[in-house]
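Asker: predicted model, plus sequence, below.
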Amino acid sequence: MSIGMDTTQLAQEMANTLVQLNRITWQHDSFKGLKGSEFIFMGSLAALAGQPGEGIKASELGKALSVTGAAITHNLNSLENAGYVERVSDPNDRRIVLVRLTDAGQSILQEANGIFLAYLQELIEYLGKEDSTELIRLLSLTTGFLKDR
């Protein structure tokens with residue numbers, strides 16, 4: 001990238017870089033038969049459902065993730081068939097169905113998170129602390145921009 005690029009050239013350079021990053025990142029889009037999107041789903045479920053063993057309504061999960069009911073159902077069915085999530089009755093109102101991670105789901109999520117954090121630590125060592133801090137700052141700004149759009 002050269003100094004003096006106009007915004008159109010910078011936008012094209014950014015687009016090319018993001019496409020390359022996306023291709024490289026999603027080449028390894030599977031861990032023990034699960035897709036990256038399924039891990040994001042399980043991680044969100046774990047974060048939103050509260051303590052292990054508690055659950056959340058599928059509709060609340062969909063709202064938090066900004067995805068359709070069909071997408072929630074697809075992921076739930078797939079992960080339920082694999083034994084990583086389960087549907088249970090709400091103890092306070094048996095008409096309500098909650099979803100939660102199973103012990104197997106919590107275990108594989110912890111394992112994947114450990115591998116992901118180790119991967120990020122390698123990236124930090126490669127970039128150095130200063131550039132890593134700058135990358136975090138820029139990604140945070142980018143996230144804020146995208147949320148506001």
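Answerer: Ah, there it is.
Asker: in the protein, which strand is the longest?
Answerer: For the chain, the strand that runs over the most residues, judged by DSSP state E, is strand 93-101.
Asker: what pLDDT does the spatially most central residue of the chain get?
Answerer: Within the chain, the residue whose C-alpha comes closest to the C-alpha centroid is residue 40; the distance, by C-alpha atoms, centre = their mean, is 3.0 Å. The pLDDT attached to residue 40 in the predicted structure is 84.
Asker: ok, now residue 68?
Answerer: According to the per-residue confidence, residue 68 scores 90 in pLDDT.
Asker: now do the one 4 residues further on
Answerer: With respect to pLDDT, residue 72 scores 91.
Asker: which residue ranges of the chain form strands?
Answerer: Taking DSSP E as the criterion, the chain carries its strands at 30-31, 34-35, 56-57, 85-90, 93-101.
Asker: what's the angle between the longest strand of the chain and strand 85-90?
Answerer: The directions of strand 93-101 and strand 85-90 differ by 160 degrees, with axes from the mean of the first three to the mean of the last three C-alpha atoms, to 10 degrees as the criterion.
Asker: pLDDT-wise, which helix or strand of this structure ranks last?
Answerer: The helix or strand with the lowest mean pLDDT-type score in the chain, counting by mean pLDDT, DSSP states H and E, is strand 30-31 (a mean of 76).
Asker: how near is the residue nearest to the centre of the chain to residue 89?
Answerer: Distance of residue 40 to residue 89, given as C-beta to C-beta, to the nearest Å: 26 Å. (C-beta placed from N, C-alpha, C; glycine too.)
Asker: also residue 79?
Answerer: Using C-beta to C-beta, residue 79 is found at 19 Å from residue 89.
Asker: that's all I had, so thanks and see you.
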